[in-house]
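[1] Okay, structure incoming, though there's no sequence with it:
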């Protein structure tokens, strides 16, 4: 018997982890990914130039950078929460 890679083991566990997703759930998950990818991209477009412009002021640049990281993390957390709701069958 050949040893399985961690990737193969993870795939096995994921396959038996729970109920299969419906086509509608898969579509909604894909839609959520698109929406939140766009929101994060929009945030990058608006905030990165501000951070770059504040490069001369380290404190201001750090504040803006922290704000950006928190905003991106908030969006990612929100995305994961909504995806979990879809996986559980909530509207």
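    Yes, it's here. No experiment lies behind these values; they were computed from the predicted model shown.

[2] Could you pull up the contacting residues of residue 72?
    Residue 72 is in contact with 40, 43, counting by Cβ atoms under 8 Å, 6 or more residues apart in numbering. In short, each C-beta sits where N, CA and C put it, glycine included.

[3] Secondary structure element for it, which one?
    helix 58-87 (DSSP states H and E).

[4] mean confidence for that helix?
    Helix 58-87 carries an average pLDDT of 95.

[5] Can you give the distance from that helix to the centre of its chain?
    9 Å (Cα atoms, centre = their mean, to the nearest Å).

[6] mind starting the numbering at 171 from now?
    Renumbered: residue one is now 171, and that last one reads helix 228-257.

[7] and it, which residues are buried?
    By 16 or more other Cβ atoms under 10 Å, the buried positions in helix 228-257 come out as 231, 234, 238, 242, 245, 249, 252-253, 256.

[8] try stretch 209-226
    209, 217, 221, 224.

[9] Give me the phi and psi angles of the last one.
    Backbone geometry at residue 224, expressed as degrees, to the nearest 10, gives phi -90, psi 10.

[10] likewise the first one?
    The phi and psi values for residue 209, taken as degrees, to the nearest 10, are phi -60, psi -40.

[11] what residues are up against it?
    Here residue 209 is in contact with residue 245 (Cβ under 8 Å, 6+ apart).
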